[in-house]
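Asker: Generate a structure from the sequence data that follows.
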Amino acid sequence: MSETLLYTIALTLKKGIGPILTRQLIAYCGDAQRVFEKSESELAAIPNVGSHVASLFRDNKAVLEKAEKEIEETQKKGIMICSYLDENYPYRLKHIDDAPAILYYKGKIEMNPRRTIGIVGTRAPSDLGKAMTDKIVEEMKPYGVQVISGMAYGIDTQAHRASVINGVSTIGILGHGLDMIYPSSNRELALKMNKEGGLISEFPIGTTPEREHFPMRNRIIAAMSDAVIVIESKKKGGSMITAKLAMDYHKDVFAVPGRIGDEKSAGCNHLIKSHQAALIESATDIGYVMQWDKMDELQAQQPVLFYDLEGDEKKIVETLRKHDDLTLDKLHHLCAIPLSQLSGKLLNLEFQGIIICLPGKRYKVVK
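Answerer: Next comes the predicted model:
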């Protein structure tokens with residue numbers, strides 16, 4: 001058992017210690033174990049901690065035992081654990097302020113796929129809404145995307161089911177522990193998803209699907225998606241929360257329009273009318289806005305000509321060649337170039353016509 005993982009889980013199990021404070025404590029102390037080794041006065045002196053939070057660490061025996069049991073139980077149930085310090089932690093998620101310190105996951109999951117799309121919508125879709133979901137997922141397959149949704153009734157379930165049918169990798173983000181499936185009617189679907197995708201949760205086993213957990217789940221859907229599609233939504237609800245979060249994270253948002261006066265499409269129509277989302281009728285619209293090539297077309301393209309570059313600029317171009325397009329954060333991670341320098345070098349490469357900047361601060365080499 002990793003001591004680092006044990007203490008990180010213990011931190012997440014401490015009541016009153018959320019994701020932001022967890023990461024701050026670890027950053028200030030050096031690692032999770034040292035947080036528990038600090039005296040109460042030392043913890044209280046940490047910025048934004050104070051005496052009340054520090055007092056939560058007076059007795060740590062129970063929470064450490066609980067963390068140890070958590071690891072044992074997850075191993076028995078085939079659930080894997082990923083810390084935000086691990087290399088395979090989703091880079092799209094890592095950079096939001098309240099990213100979970102721990103993710104529990106199950107299945108055959110690619111945490112950092114080339115392209116991701118979040119699909120959200122009403123829990124009571126019309127036949128047209130279901131048909132549009134099926135159509136978009138099927139048409140997205142050639143683009144090599146991973147579909148992300150929340151395993152809820154309605155559009156979420158439809159998106160996951162369509163993904164399984166079409167052989168598209170799909171991830172369900174849960175608002176409860178991975179030792180259960182809610183709604184229970186999705187148990188068989190979850191098993192199928194685990195073959196080419198899977199389930200992710202920030203909640204430890206035994207956590208029930210409480211109402212306040214679902215907005216927390218929505219931020220993960222928004223952050224892990226390159227773009228979010230809203231298919232049938234009222235003006236208020238979880239789908240609109242996810243769309244707002246996606247905009248806050250500088251992600252592209254798309255919406256399927258509906259009939260004027262139709263309550264189920266009021267949210268989508270509002271997003272389009274207020275220029276918060278792009279109107280789409282098919283996956284081709286998404287591919288056009290995102291400037292995504294279909295995978296078969298991408299593989300058929302000839303390699304770009306070699307540019308007479310050196311140092312970091314050469315490293316940037318070679319990295320982009322391998323990955324088609326990348327976000328600024330991912331380039332920073334792969335190239336290990338400081339963000340302050342990376343932005344300037346990207347701008348210089350743009351001026352030379354070697355790369356282009358796509359929506360969502362993504363970059364690709366000019367063909």
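Asker: Going by C-alpha atoms from here, please, whenever you check contacts or count neighbours.
Answerer: Will do.
Asker: the strands in the stretch 201-350 of the chain, which residues?
Answerer: 227-231, 252-255, 278-279, 325-327 (DSSP state E, counting those that start in this stretch).
Asker: S2 is nearest to which of the ones you listed?
Answerer: Among the strands of the stretch 201-350 of the chain, strand 325-327 comes nearest to S2, with 31.5 Å by Cα to Cα.
Asker: Provide the strand pairings for the closest one, with the direction of each partner.
Answerer: strand 362-365 (antiparallel) (DSSP bridges).
Asker: Report the contact partners of the closest residue to G78 other than its chain neighbours.
Answerer: Closest residue to G78 apart from its sequence neighbours, by Cα to Cα, 6 or more residues apart in numbering: K106 at 7.0 Å. By Cα atoms under 8 Å, 6 or more residues apart in numbering, K106 lies in contact with 78-80, 178, 194, 198-200.
Asker: same question, G107
Answerer: Here G107 is in contact with 193-199 (criterion: Cα under 8 Å, 6+ apart).
Asker: closest to L85 among these?
Answerer: The nearest one, if we look at the contacts of G107 relative to L85 and count by Cα to Cα, is L199, at 19.9 Å.
Asker: which residue sits closest to the closest one, ignoring its sequence neighbours?
Answerer: L199 sits nearest to G172 (Cα to Cα, 6+ apart), 4.7 Å away.
Asker: What's opposite that neighbour in the beta bridge?
Answerer: S149, L199.
Asker: Thought I148 was touching it, still the case?
Answerer: Yes - with contact defined as Cα atoms under 8 Å, G172 and I148 form a contacting pair (6.1 Å).
Asker: list the residues that contact both of these two?
Answerer: Common neighbours of G172 and I148 (Cα under 8 Å, 6+ apart) are H160.
Asker: Show me the helices in the stretch 201-350 of the chain, by range?
Answerer: 213-224, 238-248, 266-273, 283-290, 295-300, 311-323, 328-335, 339-351 (DSSP state H, counting those that start in this stretch).
Asker: hey, least reliable of the strands of the stretch 201-350 of the chain by pLDDT?
Answerer: In terms of mean pLDDT, the lowest-scoring of the strands of the stretch 201-350 of the chain is strand 325-327 (a mean of 87).
Asker: So the most centrally placed residue in the chain versus A162, what's the distance?
Answerer: Most central in the chain under Cα atoms, centre = their mean is M224, positioned 1.7 Å from the mean C-alpha point. The span separating M224 from A162 equals 20 Å under the rule Cα to Cα, to the nearest Å.
Asker: can you check M111 too?
Answerer: 20 Å.
Asker: Same question for S126.
Answerer: 16 Å.
Asker: Now the lengthiest helix in the chain: average pLDDT?
Answerer: Of all the segments of type helix in the chain, defined by DSSP state H, the longest one is helix 61-76. Averaging pLDDT along helix 61-76 gives 96.
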